[in-house]
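S.K.: need coordinates for the below:
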Amino acid sequence: MTRHSGAGAAVALAALALPGAVAFTSCLPSPQRMCTATSDCGGGASSCVAGRCIANGAVPAISTARRVVFEPVDVGFVQRGAADTPGALAPATLATFGRSSGGRIFLRFDVALRPEETLVEAFLAMERVPDVAADPAEIVLHAAHVLDRWDSRRLSWANQPRVEELGLPQTPVLPAAGTRVRLDVRALLELWRRGRPGDVSLAVLSDGESATGIAFALTPGRVRGPELELYVR
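M.R.: Modelled structure (predicted):
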């Protein structure tokens, strides 16, 4: 695995290889929905691996790919009702989705891939904060492309960049599920590779509402902050 900090420094490298690996052989449980557990894949012929339903006995394509992890160079969170003067609040360390106040995470990554590398998979990985009480209602997350330049020091609900929906798959999140949540952002990365200038800039949006919402870490601490997790060959 190669990990890149916000400054783009690589601190570790490991290549995953497994002879005879094949591409994913089963589609998502629905055309635009990631699985979070094997029960989402229907019957007993498939298992949920990194958000994908994989036929039992098949080897995920990521097993022969190199995993590269990027940490964001900037992170911001906005919601209705918060102080609407940019810079008035200290940088957020938690983002809570599912409340009536809404909420959006904005993330920017400095990504470097060689032209000859093939992008096998791309995920935005986030960690739920396990000791924050959460209503059992399901919250559904997905990523969108951010069109405008932005700076977390100047973000507010009234002053946020425009986002472009790309129809990226949804990820359902239940408090009873594991703390690691992955959103499929491969189409967004492919769009960026085809000539979009600058950093990879994306937003995390939510559907569904609960009494407490579900909290995610925005900065590393007791759990990991957001990471862009790429698998390349």
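S.K.: how far out from the middle of the chain is stretch 158-178?
M.R.: Distance, stretch centre to chain centre, for stretch 158-178: 8 Å (C-alpha atoms, centre = their mean, to the nearest Å).
S.K.: between the two ends of it, what distance do you get?
M.R.: This stretch, stretch 158-178, spans 33 Å end to end (C-alpha to C-alpha, to the nearest Å).
S.K.: report the rounded mean pLDDT for that stretch.
M.R.: Across stretch 158-178, the average pLDDT comes to 90.
S.K.: in it, what counts as buried?
M.R.: 160-161, 163, 168-173, 175 (16 or more other C-beta atoms under 10 Å). From N, CA and C alone the C-beta is placed, and that goes for glycine too.
S.K.: next helix or strand past the helix or strand of the chain with the lowest mean pLDDT?
M.R.: Here the helix or strand of the chain ranked lowest by mean pLDDT, DSSP states H and E is strand 2-4, holding a mean of 67. Where DSSP states H and E defines the elements, the next helix or strand beyond strand 2-4 is strand 46-49.
S.K.: list the strands paired with that following strand, with their directions.
M.R.: Paired neighbours of strand 46-49 in the sheet (DSSP bridges): strand 52-55 (antiparallel).
S.K.: just the buried positions in the strand it pairs with, please.
M.R.: 52-54.
S.K.: report the rounded mean pLDDT for that strand.
M.R.: The average pLDDT within strand 52-55 is 75.
S.K.: distance between the helix or strand just after it and the chain's centre?
M.R.: Sequence-wise, the next helix or strand downstream of strand 52-55 (DSSP H and E) is strand 66-70. Distance, stretch centre to chain centre, for strand 66-70: 14 Å (C-alpha atoms, centre = their mean).
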